[in-house]
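Student: Fold the following.
(chains A, B and C)
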Amino acid sequence: MPYLRQAWYMAAWSRDVAAGTPLAITMLDEPLVLYRRTDGAPVVLEDRCCHRLAPLSLGRVEGDDIRCLYHGLKFAPDGACCEMPGASRPPRAMKVRAFPVIERYSAIFVWMGDAERADASLLPDFVGVEDPRWRMLPGRMEYEADYTLIQDNLLDLSHVAWVHRNSFGRGEAERSRAWAEGELSIRELARGVRVTRWMPDSPTPLPQVPMVGPRCDRWSSFDYLAPGFFLMRGAVFPVGSVPERGEDPPMDAAVSRSFTAQAVTPLTRRRTAYYFCFGPAVEDPGAERLQHAFRDLALMAFEEDKTLIERQQQVIDADPSRKMVLFDVDRAPSLYRKVLERLRASE
Amino acid sequence: MPYLRQAWYMAAWSRDVAAGTPLAITMLDEPLVLYRRTDGAPVVLEDRCCHRLAPLSLGRVEGDDIRCLYHGLKFAPDGACCEMPGASRPPRAMKVRAFPVIERYSAIFVWMGDAERADASLLPDFVGVEDPRWRMLPGRMEYEADYTLIQDNLLDLSHVAWVHRNSFGRGEAERSRAWAEGELSIRELARGVRVTRWMPDSPTPLPQVPMVGPRCDRWSSFDYLAPGFFLMRGAVFPVGSVPERGEDPPMDAAVSRSFTAQAVTPLTRRRTAYYFCFGPAVEDPGAERLQHAFRDLALMAFEEDKTLIERQQQVIDADPSRKMVLFDVDRAPSLYRKVLERLRASE
Amino acid sequence: MPYLRQAWYMAAWSRDVAAGTPLAITMLDEPLVLYRRTDGAPVVLEDRCCHRLAPLSLGRVEGDDIRCLYHGLKFAPDGACCEMPGASRPPRAMKVRAFPVIERYSAIFVWMGDAERADASLLPDFVGVEDPRWRMLPGRMEYEADYTLIQDNLLDLSHVAWVHRNSFGRGEAERSRAWAEGELSIRELARGVRVTRWMPDSPTPLPQVPMVGPRCDRWSSFDYLAPGFFLMRGAVFPVGSVPERGEDPPMDAAVSRSFTAQAVTPLTRRRTAYYFCFGPAVEDPGAERLQHAFRDLALMAFEEDKTLIERQQQVIDADPSRKMVLFDVDRAPSLYRKVLERLRASE
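Tutor: Got it, this is the predicted structure:
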């Protein structure tokens, strides 16, 4: 199944692209170089000089341009060669592909499809790490696996009960099992899927126990949006305090609120970048401390996912003829797969 | 040439499969997981959950069953899914392949063919490491090579003269050359080949010199049995003490006796497990000491084989069109190859 | 494009093939073993015993012959098996390929084509590390790249301006840019290309500044000869002292002279050996000191090339459909490509 091309993919946290230093990243099998113009705006070009196919990321940023340091060809932000040592004037054929780019939510997003079809309105509200409503810390990992395995993992959080019994569950089976037994509602969105989960009368997550006691009504709702954004809000309520357990509970009544934004970017068919930020609401009691607790938990949990998913990929590759057999827990991953196929077909 | 499938292959020394801990091993390109039931009996299942193809070996043994720790599916020793969190009742399609298994001779053997054709009588008398007649120590190595290269190596022990001149030969050319110059008799067995070798009036192996003097009549006889078992007995006699040098000399007249059982298990087409145990007869003088001397020699020698065979495999892979040119020393490997082809054809 | 086969390739510096020790090297995808006869003459055989395809380089030199240490077959310098333990007389089929070899210029060259077509007159005047006219130190590197990328790199030295701005340029842009801006003359030779470059009134190379002052007229001329020899002379003149800037300036008038001989040998399609020696004329003032300065510069510069070329190869392999777009600076590489194609066609 080919990649969804006409879409924005996250390429980096803003803080990871420094002025003057080109950054190489391969996305959807395309080698890209990211750098900043003198005004700080990001530029994304094909990371392959059109002359002898050397990577521009070994080159040098000069003003708004980047110079290949093999034979000195200089390229402007639109990809055109604007200087060609040893020749009078660069012909039009001397150019590299330029990619539309948006910097927002403390992150850099690249349009991997046809430049003329780039549509800023298709970038979802990623929120990002510096949003004033949340105290979040950012991170990045790479998985040696196809992005669809990570997508399936995120879309069915019943796996928390098993994979994350030692991190999110802190070794108490009931705490993590709540994720497999909660009340689920799933619905299709224009470019994704929304999954809302109530875990009534379940063990309170450890960091919040001092505020809310040993048990609580937990609520969690995420949108998974094409091509790979995971945006999840969570809240903890005193047991029985929310009469109607719907998709949008009264957040004011919550004792604790959290948010996480994550982006899944295929680098190649067997390598995927995973960007995330995670933390409590700014106004939550102990938010300063909680943001570190949340991040440490997340890091531990994502390492658990990585171990499992990379081994899963190896098992799949050892015999690609084997088919998965899906069942009830796979409703959300299956629904999202349909959405993605529909979007792909419309390309 | 495809693997012989309807056969028992050694998967592990018994001691290496602990209660409660699943062991992953790929054999004949099939990922397997081994674990023990509460009564200690070994279970062998396909190491690939039928749901999302995660390895069961990352899972947890629960009583007689094993639980996948991705989404919690539990499988019984017959491979059927017996618990499926988030669904009422596992359908019949939810199952993994179960493999017939025998634990005997301190080792675990797996039937890699059709379960209904499993035939315990086809398991040879491997003897194994805890047999009371011998003092043996066990070992395991892996070669980055096709199993046929190891098979050919074991079936023609004239290589001892050259490959093992520093281990078995202890640096004295004549001691190891005896293996290239001995009197050989070769005959076909139902599922293998028997090779008997007399090395009359040859240098005594170093560990036995104190008992027998500098020279001896050495006898050695091995069976190589499909799909990959090497069972060799050896004996050292005073020079001239055995009037008739046949296939079955009077072991009571021997000054020293030894035995080795080895198993060659293809993991993939380029990776092979090699299991071995080696030692003197219990009643031999100095057996306690000799078992360590034998094992140290064997380890040194097998490393010599590994170095050579892995480089041989690289040379072959660099140009797979090159054919081997065989001659007299290859009678036993060639005869066994015919036996194996016959057995394969009958599948 | 297949390799040029009917040609001499450099296999080693003489000093790297010691008496009694076989040396393994793969060239043009062929595994070779090099060793010396008792009279010191080099022998080059296929590094693959014809019996079971084990590498002869794991074997033992015995007089003029080499013995395979798997089953003891011994091979003569002409590749014929001359001893076969366990058999009466080696048949004619028992042989390995022998390659014509020339030892000259402190180096060993192998004819990779049909033995009967070997033609010593096709070996260029490589000069080599021990030539009494120059003070040179030898070296060897390996690149994870196709040899054509190294060939293109050497044939267009305008890259010195960019790739070597910190080594040959010593961080002063003008010093290295002279290589991109010099007066170039290019002409075809029987089996190669000659490129002569004048860099009038340019910064003196640092090591020679004490002798010649801050600026000079630099001259450099190299022959690139099939299948991969780079022979370059250089000279530094006082500014304006050479009235006619032709292909052969009066070397007596030079303040400093240098020479470098380099050989590019494809090992496989993605691995290339690079042999080099580099140094000043013996009679140059400070030659003793300069030879070390030259060598240190060269090593630094070749590491710069290696980094760039290996990344270039990765970019090419990630999408082999991309074509290079050439321009003026590529005249010499393109001309040599034509020469090479003509030579190949004549095979």
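Student: Which residue, other than its chain neighbours, is closest to A:E288?
Tutor: A:R135 (6.8 Å; Cβ to Cβ, 6 or more residues apart in numbering or on different chains). Where you see a C-beta, it was placed from the backbone N, CA and C, and this is true even at glycine.
Student: so who does the one you found touch?
Tutor: A:279-282, A:287-288, A:290-291 (Cβ atoms under 8 Å, 6 or more residues apart in numbering or on different chains).
Student: Strands of the stretch 101-250 of chain A, start to end?
Tutor: Per DSSP state E, counting those that start in this stretch, the stretch 101-250 of chain A carries strands over the ranges A:101-104, A:107-111, A:137-143, A:183-189, A:192-203, A:215-225, A:229-237.
Student: right, so these: which one is the most enclosed?
Tutor: Mean neighbour counts were compared across the strands of the stretch 101-250 of chain A using mean count of other Cβ atoms under 10 Å in any protein chain shown; the top stretch is strand A:107-111, at a mean of 24.
Student: Just the angle for that one relative to strand A:229-237, thanks.
Tutor: With axes from the mean of the first three to the mean of the last three Cα atoms, to 10 degrees defining the directions, strand A:107-111 sits at 140 degrees from strand A:229-237.
Student: Residues in contact with strand A:107-111: which ones?
Tutor: Residues outside strand A:107-111 that contact it (Cβ under 8 Å, 6+ apart): A:6-14, A:17, A:27, A:32, A:34, A:42, A:44, A:99-103, A:117-118, A:123, A:126, A:128-129, A:263, A:275.
Student: which of the residues you listed come close to chain B?
Tutor: Checked against chain B using Cβ under 8 Å from any Cβ of the partner chain, the contacts of strand A:107-111 give no members in range.
Student: Out of the residues you listed, which end up buried?
Tutor: Buried members of those, scored by 16 or more other Cβ atoms under 10 Å in any protein chain shown, are A:6-14, A:17, A:27, A:32, A:34, A:42, A:44, A:99-101, A:103, A:118, A:123, A:126, A:128-129, A:263, A:275.
Student: For B:R48, which of the strands of the stretch 101-250 of chain A is the nearest?
Tutor: The closest of those to B:R48 is strand A:137-143. By Cβ to Cβ, the value is 19.2 Å.
Student: Show residues contacting that closest one.
Tutor: Residues outside strand A:137-143 that contact it (Cβ under 8 Å, 6+ apart): A:13, A:15-16, A:106, A:129, A:149-150, A:267, A:271-279, A:291-292, A:295, A:298-299, A:302, A:306, A:309-310.
Student: pLDDT score for the most centrally placed residue in chain A?
Tutor: In chain A, the residue lying closest to the centroid (Cα atoms, centre = their mean) is A:A263, at 0.6 Å. A:A263 is assigned a pLDDT of 98 by the prediction.
Student: Distance-wise, check it relative to chain B.
Tutor: Using Cβ to the nearest Cβ, to the nearest Å, we find A:A263 at a distance of 22 Å from chain B.
Student: and that residue, bridged to which residues?
Tutor: A:F229, A:Y275 (DSSP bridges).
Student: mind listing what it touches?
Tutor: A:A263 sits next to A:9-10, A:107, A:126, A:228-230, A:273-276 when contact means Cβ under 8 Å, 6+ apart.
Student: so can I have TSV of those residues showing distance to C:V160?
Tutor: Listed next are these as TSV, based on distance: Cβ to Cβ, whole Å:
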residue	distance to C:V160
A:Y9	38
A:M10	39
A:A107	40
A:F126	46
A:G228	44
A:F229	47
A:F230	50
A:A273	37
A:Y274	42
A:Y275	40
A:F276	45
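Student: Return the member of those nearest to chain C.
Tutor: Using Cβ to the nearest Cβ, A:A273 comes nearest to chain C of those, at 16.7 Å.
Student: and stretch A:149-169, which residues are buried?
Tutor: A:149-165, A:167-169.
Student: now the end-to-end length of that stretch.
Tutor: Terminal residues of stretch A:149-169 lie 22 Å apart, using Cα to Cα, to the nearest Å.
Student: near chain B at all, it?
Tutor: Yes. Counting by Cβ under 8 Å from any Cβ, chain B is contacted by stretch A:149-169 at A:152, A:156, A:158-159, A:161-163, A:165.
Student: isn't A:V282 right up against A:R133?
Tutor: Yes. The criterion here is Cβ atoms under 8 Å, and A:V282 meets it with A:R133 at 6.1 Å.
Student: Next one: the closest residue to chain C within the stretch 201-347 of chain A from chain B, what distance?
Tutor: In the stretch 201-347 of chain A, the residue that lies nearest chain C is A:T268 (8.7 Å; Cβ to the nearest Cβ). With distances taken as Cβ to the nearest Cβ, A:T268 is found 20 Å from chain B.
Student: Just give the closest residue to that residue, not the sequence neighbours.
Tutor: A:D29 (5.4 Å).
Student: From what I see, that neighbour and A:R271 are in contact.
Tutor: No. Judged on Cβ under 8 Å, A:D29 makes no contact with A:R271 at a distance of 9.7 Å.
Student: residues in contact with the helix or strand A:V61 falls within?
Tutor: Take DSSP states H and E as the rule and A:V61 turns out to sit in strand A:60-62. Strand A:60-62 has contacts (Cβ under 8 Å, 6+ apart) with A:19-22, A:35-36, A:66-67, A:69, A:74.
Student: Show me the subset of these that also lies near chain C.
Tutor: Residues shared between these and the neighbourhood of chain C are A:67, A:69 [Cβ under 8 Å from any Cβ].
Student: and which of the contacts of strand A:60-62 is nearest to chain C?
Tutor: Distances from chain C to the contacts of strand A:60-62, taken by Cβ to the nearest Cβ, are shortest for A:L69, at 4.6 Å.
Student: pLDDT score for that closest one?
Tutor: Reported pLDDT for A:L69: 97.
Student: before we move on, what about the one 10 residues further on?
Tutor: On the pLDDT scale, A:G79 is placed at 98.
Student: for A:R135, phi and psi?
Tutor: phi -100, psi 100 (degrees, to the nearest 10).
Student: What of A:A253?
Tutor: Per degrees, to the nearest 10, the backbone of A:A253 is at phi -80, psi -10.
Student: ok, and for the worst-scoring helix or strand of chain A on mean pLDDT, which residues are buried?
Tutor: Of all helical and strand segments in chain A, the minimum by mean pLDDT, DSSP states H and E falls on helix A:209-212, at a mean of 82. Buried positions in helix A:209-212, judged by neighbour count with 16+ other Cβ under 10 Å: A:211-212.
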